[in-house]
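Q: this one's sequence-less:
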């Protein structure tokens, strides 16, 4: 691409404040044993770029110092796998601002520095909200950005309204819990469900003392990946992540429990629902609460990187059957959207 | 196995507070170049699970907020090696409480998520003491747990008394230091002895600002492993760790020196003594002090995982000869105990 | 500043191959307890940027695939301290190529994203040599870069010749070892000397299976910082690093010993010599060898960031006295150079 300058990835001059780019070599710990970089590693880099650019923007005018907190990530697809030794190039740009929120578009490209080959691996949209450095419960005002064309602003506003609606909806879904199952049969929901606990340390947190959204997403991908691997017992990779809403902040010193269960399988994909619960057990009298939930989709890959068939998920309870149907709904909807896009592109 | 809690999920209902379990994929940095997970990585996970469950328990009733600090780990054997790509499943349960301490039993299973094979790798017993969040020198009271049967409480009390005695004894052993040797011959004590320094950073510490016991044990295993490898120049793995007592806390900002020397070799095992000394050199007028000491046992493995013969340790000084005999005593005692257990099991 | 493009740091269009830039938020683990980012963290970021850009350049023309290995870092000053929460912006540019080596200039700026304040913290020059991916002992040819002006090439050639000479010289200094001292007095060389061992893991290494130069420099800074803190028992920061030559590669699975001793003190600075020795004890019949050596200079800072007086180093042996005088020579030479530069700048 002629317009992609080395590692600046299209940050034109004169737009300093609303544009940023980063790169990093992928290491063995960033990847699974087949050498594919974890989706969670990529989500964490995406979020760091978004946090830097939106914090910088929100402090660009004299006003109350603030730190941007991740409120939502739109659905993102992992378009091609990234490998150990490749350089991940992450570029971020602010594309819309409302009074209290910032929309950031992030592109990730993998670059094989030996062959020079570059591939787009992700395009993600993130929403941040600036919180006052002095009073973390206060949302400060966002300086408006300049749009090159009026319709950019209109389209941004439409995206803003849409995500606002969706955030309200998912807030209600959040009561569910994952119950343990004794001696489950292979390919049932109980067989592959998994959880991990993590004590939130200082390096997981922003200047405000709350967990970076990217840290949370990395843990969610780790659990979802274990669920997927337990189900199909092959090498698996993250194919996409549905929109994730961050309803509640998580404070340093909390213990977080990240749990995942499979909800749906198609012929060649698995959908896993992941919950993040925070337990502020020291310091605070507060009960354990649901902080985040999301759906991850995984595919199973053969040794030469081809998608493999996936064993069908065996549903047992009424709830499992209902969730399977809901997952099927999301799957078919995504498929229809993609076909519509491809037809549009072909015309 | 009927009593093997799939993955975590075996914490029965109504016992939430005193039970926890989680899993994590083993990564390349968790293991040596032969792909065997470091004993220190496993000890660190065990301790994190214990710290979470006991801190949670000690804060479960209205009272002074507190953080559980590791006081002691009972002897633990590494029953089978764990490998990169496997999932380590750690489950923890509180099994006894005294007025000021909590006993936690932790089980670790390795799971090959591709084949579904599971193996018990460790069973460990840890003792924690709750320290007040506001006054770190104050030990707060532990809420009692409920026992299903009276004899569980009696057995717990017996274990409590035994470990208390042992802690007093080891406190006296602690004056010893490892002196440098110039131009040592191969297979002597001086030849393989090693040490490292580590500046205690924020991620090494609990909310109280003191080093996690698990971080200390991981460093101890690192040094002991290097001593073992220098002695036999082959791939080595941790076979067992003797009881470790944590006599003194180590504060953030300290430099710790971890030193190890070989004390005994049998035909197929090596015993290494490890000391941890803390140097609170900034801010505080205090002298360097001995914080922890322990014995680690290693075996040497061939490429196909079979135990190899170990070169005999050459002792030179009187002290070295005495320590060799003491190590032999521990070795024979453990061997006798194991044989007695096997006979019992066979009856 | 008119010429500082947000985060692209002046990578002009059309020069993709020879220019790169990166950013990262500084976390608690990157810094000491006073919140100052470790010099080693910065050196590691600098080297990663240099490795990416030079590997990319050396593979930009059809030829043997290769990986750039760090051969030398020129002296670099740490011009202003960086703090937790700031963004480190690293930009790299290829400024000279010889037949078998690449010169990279790297600039580091710290950016406070709350206030927008930016400061130059480092300007570094690194030399890389491309090694064949298939035969690590073969140095491949470097594609020449285009110079905007003829004198750029001439000046680059002069720098190339100078560093070549210096590399030969330091190779001879390398026989020295740091001997242990029993019960040393405060402020003597033996009192503060320190060493650590590190087992080289997969994430420390390049695609060729050799340690990244940046990983080595981070460990060197860690040891040197502990030597400095042990000497003056206050908060210390890296002020500068003398030219470092990487004479020998270090392979995955080696144990490296990093040792440091103080060589010289002025009123407000300390010079520490650091050695890196590699021990390829598994798999290979080779003896321990000296891989790198360098001089680090530290200053001691008060709570409000002012330089503090440093206790004078007490030299005892003839060798210590000689090294002190040599250190004084380096100190005076640097001071004279800096004064000459300031006078030049003032004219």
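A: Nice, thanks for sending it over. Bear in mind the structure is a predicted one, so any value in this text is a computation, not a measurement. Numbering: from 1, shown residues only, chains lettered A, B, ... in the order given.
Q: who's in contact with the nearest residue to residue A:210 once chain neighbours are set aside?
A: Nearest residue to residue A:210 in three dimensions, chain neighbours excluded: residue A:249, at 4.5 Å (C-beta to C-beta, 6 or more residues apart in numbering or on different chains). C-betas here are computed from N, CA, C, even on glycine. Residue A:249 makes contact with A:69, A:136, A:210, A:211, A:291, according to C-beta atoms under 8 Å, 6 or more residues apart in numbering or on different chains.
Q: Max pairwise distance over these: which two?
A: Farthest apart among the contacts of residue A:249 by C-beta to C-beta are A:136 and A:291. That separation is 15.2 Å.
Q: Where does the prediction get shaky in the stretch 51-200 of chain A?
A: Where the stretch 51-200 of chain A drops to pLDDT under 70, the residues are A:171-175.
Q: SS state for residue A:282?
A: coil (DSSP: H, G, I helix; E, B strand; the rest coil).
Q: Quick check, it in contact with residue B:67.
A: Yes - with contact defined as C-beta atoms under 8 Å, residue A:282 and residue B:67 form a contacting pair (6.3 Å).
Q: what sits in contact with each of those two?
A: Residues touching both residue A:282 and residue B:67 by C-beta under 8 Å, 6+ apart: B:55, B:133, B:207.
Q: Check those against chain C and report the nearest one.
A: Nearest to chain C among the shared contacts of residue A:282 and residue B:67, counting by C-beta to the nearest C-beta, is residue B:207 at 13.5 Å.
Q: Return the per-residue confidence for the closest one.
A: pLDDT, residue B:207: 83.
Q: pLDDT value on the residue nearest to residue A:210, please?
A: Among the per-residue scores, residue A:249 shows a pLDDT of 90.
Q: again with residue A:15
A: What the model reports for residue A:15 is a pLDDT of 43.
Q: Residue A:282 and residue B:67: which is more packed in?
A: More neighbours surround residue B:67 than the other of residue A:282 and residue B:67, with 25 against 20 (other C-beta atoms under 10 Å in any protein chain shown).
Q: So that one is in contact with residue B:128, correct?
A: No - if you go by C-beta under 8 Å, residue B:67 and residue B:128 don't touch, sitting 9.4 Å apart.
Q: Quick check: neighbours shared by the two?
A: residue B:55.
Q: who's more crowded, residue A:136 and residue A:291?
A: Shown here are residue A:136 and residue A:291; by other C-beta under 10 Å, residue A:291 has more neighbours (21 against 17).
Q: Would you agree the more buried one is in contact with residue A:255?
A: No - contact criterion C-beta under 8 Å: residue A:291 and residue A:255 do not qualify, at 11.8 Å.
Q: Which strand runs longest in chain A?
A: strand A:118-132 (DSSP state E).
Q: For the stretch 51-200 of chain A, which residues are neighbours of chain B?
A: In this structure, the stretch 51-200 of chain A approaches chain B at residues A:180-184, A:186, A:190-191, A:193-197, A:199, judged by C-beta under 8 Å from any C-beta of the partner chain.
Q: Pipe the residues you listed into TSV and attach neighbour count per row.
A: Below are those laid out as TSV (neighbours: other C-beta atoms under 10 Å in any protein chain shown):
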residue	neighbour count
A:180	18
A:181	18
A:182	13
A:183	12
A:184	18
A:186	12
A:190	22
A:191	20
A:193	27
A:194	31
A:195	24
A:196	23
A:197	25
A:199	19
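Q: and these, which of them are in helices?
A: A:190, A:191 (DSSP state H).
Q: Quick check: the farthest pair among the residues of the stretch 51-200 of chain A next to chain B?
A: Counting by C-beta to C-beta, the most remote pair of these is A:186 and A:199, 32.5 Å apart.
Q: so what does the helix ranked longest in chain A touch, helix or strand wise?
A: Longest helix in chain A by number of residues, with DSSP H as the criterion: helix A:318-346. Applying 3 or more C-beta pairs under 8 Å, 6 or more residues apart in numbering or on different chains; DSSP states H and E, we find helix A:318-346 packed against strand A:255-265, strand A:270-279.
Q: Now tabulate the ones you listed in JSON lines and tack on distance to chain C.
A: Formatted as JSON lines, the helices and strands packed on helix A:318-346 follow (distance: least, C-beta to the nearest C-beta, whole Å):
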{"stretch": "strand A:255-265", "distance to chain C": "18"}
{"stretch": "strand A:270-279", "distance to chain C": "20"}
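Q: Kindly reformat these as TSV containing mean neighbour count, mean pLDDT and distance to residue B:153.
A: Output for the helices and strands packed on helix A:318-346, formatted as TSV (neighbours: other C-beta atoms under 10 Å in any protein chain shown; pLDDT from 0 to 100; distance: least, C-beta to C-beta, whole Å):
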stretch	mean neighbour count	mean pLDDT	distance to residue B:153
strand A:255-265	25	94	28
strand A:270-279	24	95	28
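Q: helix/strand/coil for residue A:24?
A: Classification of residue A:24 by three-state DSSP places it in strand.
Q: Contacts only, for it.
A: A:45, A:87, A:88, C:22, C:48.
Q: go on, residue A:299?
A: For residue A:299, the contacting residues are A:236, A:237, A:239, A:268, A:269, A:270, A:307, A:308, A:310, by C-beta under 8 Å, 6+ apart.
Q: List buried residues within the residues you listed.
A: Buried by 16 or more other C-beta atoms under 10 Å in any protein chain shown: A:236, A:237, A:239, A:269, A:270, A:310, out of the contacts of residue A:299.
Q: Show me the beta-bridge partners of the fifth one.
A: Put plainly, it is residue A:270. residue A:265, residue A:298 (DSSP bridges).
Q: ok, now which ones touch the residue lying closest to residue A:59 once chain neighbours are set aside?
A: Closest residue in space to residue A:59, ignoring its immediate chain neighbours: residue C:114 at 4.9 Å, by C-beta to C-beta, 6+ apart. Contacts for residue C:114 were tallied using C-beta under 8 Å, 6+ apart; they are A:55, A:59, A:65, A:66, A:67, A:133, C:85.
Q: Tell me which of the residues you listed fall in strands.
A: The strands, defined by DSSP E, take in A:66, A:67 from the contacts of residue C:114.
Q: if we take the contacts of residue C:114, which one ends up nearest to chain B?
A: Distance to chain B, by C-beta to the nearest C-beta, is smallest for residue C:85 among the contacts of residue C:114, at 13.0 Å.
Q: Touching stretch A:317-337 from outside, list them.
A: Stretch A:317-337 has contacts (C-beta under 8 Å, 6+ apart) with A:189, A:240, A:242, A:263, A:264, A:266, A:269, A:271, A:273, A:295, A:313, A:315.
Q: Spatially, which two of these are the most separated?
A: Pairwise over those, using C-beta to C-beta, the maximum falls at A:240 and A:315, 21.9 Å.
Q: From the contacts of residue C:114, list just the buried residues.
A: By neighbour count, with 16+ other C-beta under 10 Å, those hold A:55, A:59, A:65, A:66, A:67, A:133, C:85 as buried.
Q: What residue in chain A comes nearest to chain B?
A: For chain A, C-beta to the nearest C-beta, closest residue to chain B: residue A:180, 3.3 Å.
Q: Could you measure from that residue over to residue C:210?
A: To residue C:210, residue A:180 is 46 Å away according to C-beta to C-beta, to the nearest Å.
Q: Flag every residue of the stretch 101-250 of chain A that's near chain C.
A: By the rule C-beta under 8 Å from any C-beta, the part of the stretch 101-250 of chain A lying against chain C is A:111, A:113, A:114, A:115, A:116, A:133, A:202, A:203, A:207.
Q: ok, the nearest residue to residue A:197 once chain neighbours are set aside - how many residues close by?
A: Sequence neighbours aside, residue B:22 is the residue nearest to residue A:197 in space, at 4.5 Å (criterion: C-beta to C-beta, 6+ apart). Using other C-beta under 10 Å, residue B:22 has 24 neighbouring residues.
Q: go on, the one 10 residues further on?
A: Counted with other C-beta under 10 Å, the burial measure for residue B:32 works out to 19 neighbours.
Q: Tell me which residues touch it, please.
A: Shown in contact with residue B:32 (C-beta under 8 Å, 6+ apart): B:38, B:225, B:235, B:237, C:199, C:253.
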